[in-house]
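Asker: Dropping a prediction and its sequence here:
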Amino acid sequence: MKPFIQNRWLPLFLLLVSVVPASAATPDRPGVKRAPDPGQVFTELTKPYLELNDYTVRIQAKIDMPTIRIPDFTAILYFKKPDKFHIETRSFAPIPRESGVFNPFQFDPQKNLITYLRNETLDGTAADVFRVEPLEAKSLIRYYHVWVGGIPGRILRVESLSVKGTKAQVKPTYSKAGPGPGKWLLPEKVQVHLIFPEGMYNADTSSFTTKDNPFSAGIRRLDDVSGEGDILLSYSEWQINTGLDDRLFQKDKK
Amino acid sequence: MLRLIRFELIKTFTRWRTYIGFLAFGMIVPLVVAGLKLGGKYSFERHLLSVLQNDFVIGGNVLNGWFFGLFFMGALWVHIPIVLTIVAGDKIAGEGNAGTFRFLLTHAVSRTRIITAKFIVTLIYTALIVLFIGGLTLGLSLWAFGSGDLLIIRKGILVIPEARLPEHFLMAYALATLAMFVVSSLSFLFSALTDNSIGPIIATMAVIIVSIIIISLPFELFQAIRPYLFVNYFDVWQKVFDDPIPWGVIRSQVIILAGFILAFFLAAVIYFSRKDILS
């Protein structure tokens, strides 16, 4: 039987087979973007904030949620590296745990498992999407999807899923603030959309008595937060590196 | 009539048993406030808001004096009837037991006027004890935990701004007083039926306890009986902390409670007017 490729052409065929696909996949080819290194991207994101040791900021919050009906409130938020914070206000002030307290080191590559997902355009800006999984066992968040883009690079959007099943979509906008001529890019407004899992928590289901009797209508435990809603946080009056005392944060260790 | 009421007031407030309720609540409330102050407040806060703390960090003076004022009213108003019956149950039966009725009824005053004066004094005592407990709990709580917005936890969370709270609490205490008037009226009726003041106390508490069981159990039969039991409307005072305030519901419940008071009082008057006074 005659061979499919004659022996004298075999080295040339093998060369073509091995070389052509390799050259087609070369990262240097114009128009094809190489997948970014997640560790490098997030290290670059935190780099400008390495000198930020603490901050104080005024937060104005507007909560639009059917299950949390509270008046607009103002609070002063104190933050100290790496993750200490303290909130001062006379009002009842629930601030979204993962998105309301600005922590530039939240997605530290050393403390999270970060993988690149895709590239997409978000509101006209090209953004890389990463999946961030906290490595800490006690983390209340299963994972984040983080959109990084813009010049300079910043977080454009975050979506998260908590261990309890709450989904959050966070859209921050930034302005330059801090000492000197606009040293840091800091949040100006953060829009949070929360979706709570339906009927996720109902600790009182074992009770045999009726739920609406006058004797159970007094002060009770919050059993369930369901539905969805929006929170708009506005940040102003940034004060950076004022040397906040550690004692300020001690009473929040509850 | 005013002289009769004054006479009854003096008689009531010179008896030591009148002050049992004031003493009991005067001791228990400061004890609970001290317990909350010495560490209980944070565990209480964690317990109440643990669901919320998964997704939020909570700032502010959440569990403040207003919150604990409401908490105390919610927790204690089930127990207030016990102290009310001590005085209301003794109002008529006490006279019979002491044998002072024949002397009292020899005066040229009708039985209806005497019983009305006693009833009014019973209501005054009831209002005083509710206001005492309300003032004590709220005053001590505000002193110990400071002021702030009021956090209401029911179906979700509602926050009432601090500036609106005094009027809410005043309305709440007024409605709580009305609900307690029903208890006093029932005890007063039982007092008219007997010459032993222990009987009205036990009978009133028995009615309340049985009613609580009926309205608490989710049986179809019990739920059908529920609207006819006065304890079903005991929580009318808590409705002023809803948003929006269900004025229609409050109005109808006030009318029902007033109806119970009137019915118990009229039954007492009718029975007492025909009663043979043998002691």
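Answerer: Ah, there it is. Residues are numbered from 1 along each chain as shown, chains lettered A, B, ... in the order given.
Asker: Mind picking out the helix or strand in chain B with the poorest mean pLDDT?
Answerer: helix B:101-105 (a mean of 65; mean pLDDT, DSSP states H and E).
Asker: And the residue nearest the centre of chain B, how close does it get to A:L77?
Answerer: The residue lying closest to the centre of chain B (CA atoms, centre = their mean) is B:M180, at 3.5 Å. Remark: distance between B:M180 and A:L77 (CB to CB, to the nearest Å) = 45 Å. Backbone N, C-alpha and C define where each C-beta goes, glycine included.
Asker: ok so, going back, toward the C-terminus, what is the element adjacent to the least confident helix or strand of chain B?
Answerer: Using DSSP states H and E, the helix or strand that follows helix B:101-105 in sequence is helix B:111-145.
Asker: can you give me how far the helix or strand just after that following helix is from the chain middle?
Answerer: As assigned by DSSP H and E, the chain's next helix or strand after helix B:111-145 is strand B:150-154. Counting by CA atoms, centre = their mean, to the nearest Å, strand B:150-154 is centred 22 Å from the centre of its parent chain.
Asker: Kindly export strand B:150-154 (C-alpha atoms) in CSV.
Answerer: Output in CSV follows, covering the C-alpha atoms of strand B:150-154 (Å, rounded to 0.1, in the frame of the first residue of the first chain):
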residue,chain,number,x,y,z
LEU,B,150,-36.5,53.7,68.2
LEU,B,151,-35.8,50.4,66.5
ILE,B,152,-38.9,48.3,66.0
ILE,B,153,-38.5,44.7,65.0
ARG,B,154,-41.5,42.9,63.6
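Asker: Mind checking if that strand is in reach of chain A?
Answerer: Yes. Applying CB under 8 Å from any CB of the partner chain, one finds that strand B:150-154 is in contact with chain A at B:151, B:153-154.
Asker: Look at the residue in chain B that chain A sits nearest to and give its secondary structure.
Answerer: For chain B, the residue closest to chain A is B:G74, as judged by CB to the nearest CB, at 2.5 Å. Assigned with DSSP: H, G, I helix; E, B strand; the rest coil, B:G74 falls in the helix class.
Asker: what separates it from B:F272, distance-wise?
Answerer: Distance, B:G74 to B:F272, using CB to CB: 36 Å.
Asker: Now the residue nearest the centre of chain A: which helix or strand?
Answerer: What sits nearest the mean C-alpha location of chain A, by CA atoms, centre = their mean, is A:V158, with 4.4 Å. Element membership of A:V158, judged by DSSP H and E, is strand A:154-162.
Asker: swap in A:D108?
Answerer: Using DSSP H and E, A:D108 falls within no helix or strand.
Asker: so what's the residue nearest to it when sequence neighbours are not counted up against?
Answerer: Spatially, and ignoring its direct neighbours in sequence, A:D108 is nearest to A:T46 (6.5 Å; CB to CB, 6 or more residues apart in numbering or on different chains). By CB atoms under 8 Å, 6 or more residues apart in numbering or on different chains, A:T46 lies in contact with A:104-105, A:107-108.
Asker: Would you format the residues you listed as JSON lines with pLDDT and neighbour count included?
Answerer: What follows is the contacts of A:T46, written out as JSON lines (pLDDT from 0 to 100; neighbours: other CB atoms under 10 Å in any protein chain shown):
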{"residue": "A:P104", "pLDDT": "85", "neighbour count": "20"}
{"residue": "A:F105", "pLDDT": "87", "neighbour count": "16"}
{"residue": "A:F107", "pLDDT": "88", "neighbour count": "22"}
{"residue": "A:D108", "pLDDT": "87", "neighbour count": "19"}
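Asker: Is it possible to get TSV of these that adds distance to B:A206?
Answerer: As requested, these are arranged in TSV below (distance: CB to CB, whole Å):
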residue	distance to B:A206
A:P104	66
A:F105	65
A:F107	64
A:D108	66
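Asker: since we're on the closest residue to A:E44 other than its chain neighbours, how many residues are nearby?
Answerer: On the basis of CB to CB, 6+ apart, the spatially nearest residue to A:E44 that is not a chain neighbour turns out to be A:G153, at 6.0 Å. Per other CB atoms under 10 Å in any protein chain shown, the neighbour tally for A:G153 reads 18.
Asker: A:G153 touches A:V41, doesn't it?
Answerer: Yes. Using CB atoms under 8 Å, A:G153 makes contact with A:V41 at a distance of 7.2 Å.
Asker: could you point out where chain A is predicted with low confidence?
Answerer: Within chain A, the stretches with pLDDT under 70 are A:1-33, A:178-182, A:199-225, A:251-254.
Asker: rerun that using 80 as the cut-off
Answerer: Counting by pLDDT under 80, the ranges of chain A that qualify are A:1-34, A:98, A:177-183, A:198-227, A:250-254.
Asker: residue boundaries of the helices in it?
Answerer: A:10-24, A:38-46, A:247-250 (DSSP state H).
Asker: Please point out which parts of the second one sit buried.
Answerer: Translated: helix A:38-46. A:38, A:41-42, A:45-46 (16 or more other CB atoms under 10 Å in any protein chain shown).
Asker: Now do the same contact list for the closest residue to A:F130 other than its chain neighbours.
Answerer: Ranked by CB to CB, 6+ apart and with sequence neighbours excluded, the top spatial neighbour of A:F130 is A:V146, at 4.9 Å. Going by CB under 8 Å, 6+ apart, A:V146 touches A:107, A:129-132, A:155, A:157-158.
Asker: quick one: which of the residues you listed is nearest chain B?
Answerer: For the contacts of A:V146, the minimum distance to chain B (CB to the nearest CB) is 14.1 Å, reached by A:V158.
Asker: these two touch, right, the residue of chain B closest to chain A and B:Q238?
Answerer: Yes. Here B:G74 lies in contact with B:Q238, judged by CB under 8 Å, at a distance of 7.1 Å.
Asker: wait, does stretch A:66-77 contact chain B?
Answerer: Yes. Shown here: stretch A:66-77 in contact with chain B (CB under 8 Å from any CB) through A:66-71, A:73, A:75.
Asker: could you redo the residues you listed as a markdown table and give each row neighbour count?
Answerer: Below are the residues of stretch A:66-77 next to chain B laid out as a markdown table (neighbours: other CB atoms under 10 Å in any protein chain shown):
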| residue | neighbour count |
| --- | --- |
| A:P66 | 11 |
| A:T67 | 17 |
| A:I68 | 22 |
| A:R69 | 16 |
| A:I70 | 21 |
| A:P71 | 13 |
| A:F73 | 22 |
| A:A75 | 20 |
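Asker: So which of those residues sit within strands?
Answerer: Secondary structure defined by DSSP state E assigns A:68-69, A:73, A:75 of these to strands.
Asker: ok, back up a step: residues touching the nearest residue to the residue nearest to the centre of chain A once chain neighbours are set aside, list them.
Answerer: Once flanking residues are discounted, A:V158 sits nearest to A:V170: 4.3 Å by CB to CB, 6+ apart. Counting by CB under 8 Å, 6+ apart, A:V170 touches A:96, A:98-99, A:157-160, A:190-193.
Asker: how about 7 Å then?
Answerer: Applying CB atoms under 7 Å, 6 or more residues apart in numbering or on different chains to A:V170 gives the contacts A:99, A:157-158, A:190, A:192.
Asker: In those residues, which residue is surrounded by the most others?
Answerer: A:S99 (25 neighbours).
Asker: Surely it touches A:Q191?
Answerer: No. A:S99 is beyond contact range of A:Q191, at 9.3 Å (criterion: CB atoms under 7 Å).
Asker: Near the residue of chain B closest to chain A, how many other residues are there?
Answerer: Counted with other CB under 10 Å, the neighbours of B:G74 add up to 19.
Asker: quick one on the thing from earlier: now do the strand holding A:V158 against helix A:38-46, angle only.
Answerer: Angle between the axes of strand A:154-162 and helix A:38-46 is 120 degrees (criterion: axes from the mean of the first three to the mean of the last three CA atoms, to 10 degrees).
Asker: Just checking: what are the partner strands of strand A:154-162?
Answerer: Strand pairing for strand A:154-162, using DSSP bridges, gives strand A:141-149 (antiparallel), strand A:167-177 (antiparallel).
Asker: Helix, strand or coil: sort out B:L189 for me.
Answerer: On the basis of three-state DSSP, B:L189 is classed as helix.
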